[in-house]
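>>> Whatever this is, show me its structure:
(one chain, ligands or ions: 1)
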Amino acid sequence: MSDMWQTLERMRGAREGRDITDLFARDPDRAEGFTARFDGMALDYSKTQLDGELRAALIDLAQRAGVAERREEMFAGAPINRTEGRAVLHTALRAPDGVRIETDGADVMPQVRRTRARMAELSEGLRAGTVRGQGGAITDVVNIGIGGSDLGPAMACAALEPYHDGPRCHFVSNVDGAHIHDTLAGLIPETTLVIVASKTFTTVETMTNAATAHAWMAARVADPGAQFVAISSDAGRAAEWGIAPERVFGFADWVGGRYSVWGPIGLSVMIAIGAERFEDFLGGAAAMDAHFREAEPGANMPMMLALTGVWHHQVCGHATRAVLPYDQRLALLPSYLQQLEMESNGKGTAMDGSALTRPAGPVVWGAPGTNGQHAFYQLIHQGRQVVPCEFMIAARGHEAGLEHHHRLLVANCLAQSQALMRGRGMDEARELMRAAGLKGAELEQQAAHRVFTGNRPSVTLAYDRLTPRRLGQIIALYEHRVFVEGVIMGINSFDQWGVELGKEMANALAPAVAGEAVPKGIDGSTAALLQFLRGG
Ligand code: F6P
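This is a model prediction of the structure:
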């Protein structure tokens with residue numbers, strides 16, 4: 001592998017200063033040749049430095065890293081999450097009918113289907129008003145969870161708002177009492193269903209919020225447990241909350257938290273949009289799974305998204321990547337992707353225990369367009385650091401009569417990637433200043449501020465419309481890009497040991513925050529802050 005990285009670095013050196021616009025001038029078919037298409041979606045990676053030779057080298061890198069072999073191991077249920085000794089089978093949650101997937105010698109699919117059928121029974125009952133609260137039909141559902149037990153369903157619910165025709169869904173994640181307080185403030189216990197979503201059922205934020213919700217419910221209804229649902233891979237712990245077994249939805253340890261929206265953790269999504277549309281959501285992801293397994297590397301969307309990522313981050317050294325959905329309903333997608341990408345690939349140790357010599361994954365951030373344009377795009381266009389951008393845009397919105405809004409959205413999205421690539425040289429800036437009546441030193445100075453270096457890379461994911469199926473495809477696309485990047489870096493994308501130390505320290509500090517003795521050996525800064533906060 002190290003010779004491949006050296007080759008790529010040499011290629012980067014050879015391309016230093018080369019303009020992306022020159023690549024278009026040299027190849028009139030570049031846009032088509034550097035776009036991966038699949039089922040109504042187009043991933044255009046032509047506005048990057050990639051050329052045929054570079055693409056071939058990156059594909060070679062993926063092949064030598066064993067992406068194809070690891071991919072088949074994952075789909076087949078091999079224990080590829082070696083640091084936790086588990087299979088990685090979120091793809092089983094959306095696998096088509098008739099498929100058999102074995103792990104530990106047993107087919108997992110019958111259980112997956114049974115659980116989904118139980119979810120459908122509950123959600124259809126709630127939607128039809130036949131499964132009721134102690135004060136009538138359920139009008140509101142509160143999902144209490146954090147990380148993967150929150151971000152996936154919260155993001156998907158927001159994304160699919162035009163398809164909501166069930167009870168309203170709310171999400172509480174933060175242990176900050178403000179979150180649950182403000183959410184419950186507008187709700188009626190007798191007609192509210194609380195979903196406690198936690199794979200482990202031990203996460204302190206979720207358990208604290210669940211206890212608060214339980215007390216809120218108990219103050220008004222005779223049997224609070226009857227209006228609770230639990231989603232966990234630990235059914236025993238869920239039962240301790242007085243939740244009836246038929247209201248407990250289990251999932252296996254081979255589903256990682258950040259990959260769990262496809263199963264019971266997606267219950268709130270199913271309640272909001274209905275079981276049939278939830279099937280469409282799963283179907284979209286399953287179609288992306290098939291594409292990932294079958295398409296040639298150059299036409300393979302997850303593969304090419306990953307390889308442009310590797311090029312920008314590991315080879316060119318761009319430290320961050322911006323995700324810019326020109327789709328307001330994808331406002332939570334950057335947060336969702338932060339967990340998916342940074343919890344998966346934010347690692348410093350290779351699978352074999354050796355320290356990595358280059359960072360495995362970039363900082364991922366972003367916000368929906370056009371809002372970001374009026375906030376941080378200044379830096380993206382003129383800051384000294386290069387931020388590779390990933391734009392997303394639908395051909396059509398859902399809002400009848402507001403097509404003119406959508407046309408402006410599209411124009412802005414396209415203009416941004418165009419401006420990043422083209423930039424504006426000093427001559428053009430001078431011309432502008434001359435036209436504005438400036439002369440001499442003043443003209444030169446003002447023109448300098450209006451120069452854009454250009455040659456800044458971006459990819460654009462275009463799709464017809466944000467339907468449940470399309471959303472399923474987009475999420476699966478990103479899951480697989482993370483997988484490919486992780487294999488290339490030789491890391492385990494499916495553990496998250498890096499979150500443990502902070503949790504342990506918070507547990508150790510909690511008694512001192514509550515007034516008990518300050519732990520011995522604590523550092524001066526923490527001790528002083530603790531003192532200040534206890535006095536406040
Ligand atoms: O602390 C990180 C994490 O373990 C995530 O990986 C997970 O999605 C989240 O906490 C919530 O965990 P749980 O679903 O077990 O409450």
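>>> How about the contacts made by A435?
Residues in contact with A435 (C-beta atoms under 8 Å, 6 or more residues apart in numbering): none are found. Glycine gets a C-beta too; all of them are placed from N, C-alpha and C.
>>> So what's the predicted local confidence for it?
Per-residue pLDDT puts A435 at 98.
>>> and the gap between it and the ligand?
55 Å (C-beta to the nearest ligand atom, to the nearest Å).
>>> Relative to I522, how far out is that residue?
64 Å (C-beta to C-beta, to the nearest Å).
>>> What of T139?
Per C-beta to C-beta, T139 is found 48 Å from I522.
>>> residues in the stretch 201-350 of the chain within reach of the ligand, list them.
T203, T206, G257, R258, E343 (C-beta under 6 Å from any ligand atom).
>>> For the lowest-mean-pLDDT helix or strand in the chain, name the packing helices and strands.
Every helix and strand of the chain was ranked by mean pLDDT, DSSP states H and E. The lowest is helix 235-239, at a mean of 83. Counting contacts by 3 or more C-beta pairs under 8 Å, 6 or more residues apart in numbering; DSSP states H and E, helix 235-239 is packed against strand 248-250.
>>> model confidence over the strand it packs on, on average?
For strand 248-250, mean pLDDT rounds to 94.
>>> list the buried ones in the helix or strand just after that strand?
Downstream of strand 248-250, the first helix or strand assigned by DSSP states H and E is helix 267-273. Neighbour-count burial for helix 267-273 flags L267, S268, V269, M270, I271, A272, I273 (criterion: 16 or more other C-beta atoms under 10 Å).
>>> need the residues you listed in CSV with pLDDT, can you?
As requested, the buried residues of helix 267-273 are arranged in CSV below (pLDDT from 0 to 100):
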residue, pLDDT
L267, 98
S268, 98
V269, 98
M270, 98
I271, 98
A272, 98
I273, 98
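>>> Shouldn't P368 be within a helix?
No. Using DSSP: H, G, I helix; E, B strand; the rest coil, the secondary structure at P368 is coil, not a helix.
>>> can you tell me which residues contact it?
L324, P325, Y326, D327, Q328, L330, A331.
>>> What is the burial count for whatever residue of the stretch 251-400 of the chain ends up closest to the ligand?
Using C-beta to the nearest ligand atom, the single residue of the stretch 251-400 of the chain nearest to the ligand is G257, 2.6 Å away. Per other C-beta atoms under 10 Å, the neighbour tally for G257 reads 24.
>>> go on, G125?
With other C-beta under 10 Å as criterion, G125 counts 14.
>>> Quick check: it touching V131?
Yes. Contact criterion C-beta atoms under 8 Å: G125 and V131 qualify, at 3.3 Å.
>>> Tell me the spacing between the residue nearest in space to the middle of the chain and Y478.
Closest to where the C-alpha atoms of the chain average out (C-alpha atoms, centre = their mean) is L337, at 2.3 Å. According to C-beta to C-beta, L337 and Y478 sit 6 Å apart.
>>> With H170 instead?
Look at H170 and Y478: by C-beta to C-beta, they are 25 Å apart.
>>> dump the residue contacts of T7.
The contact partners of T7, taken as C-beta under 8 Å, 6+ apart, are A57.
>>> can you list the residues of the stretch 351-500 of the chain near the ligand?
Within the stretch 351-500 of the chain, the positions adjacent to the ligand are Q496, V499 by C-beta under 6 Å from any ligand atom.
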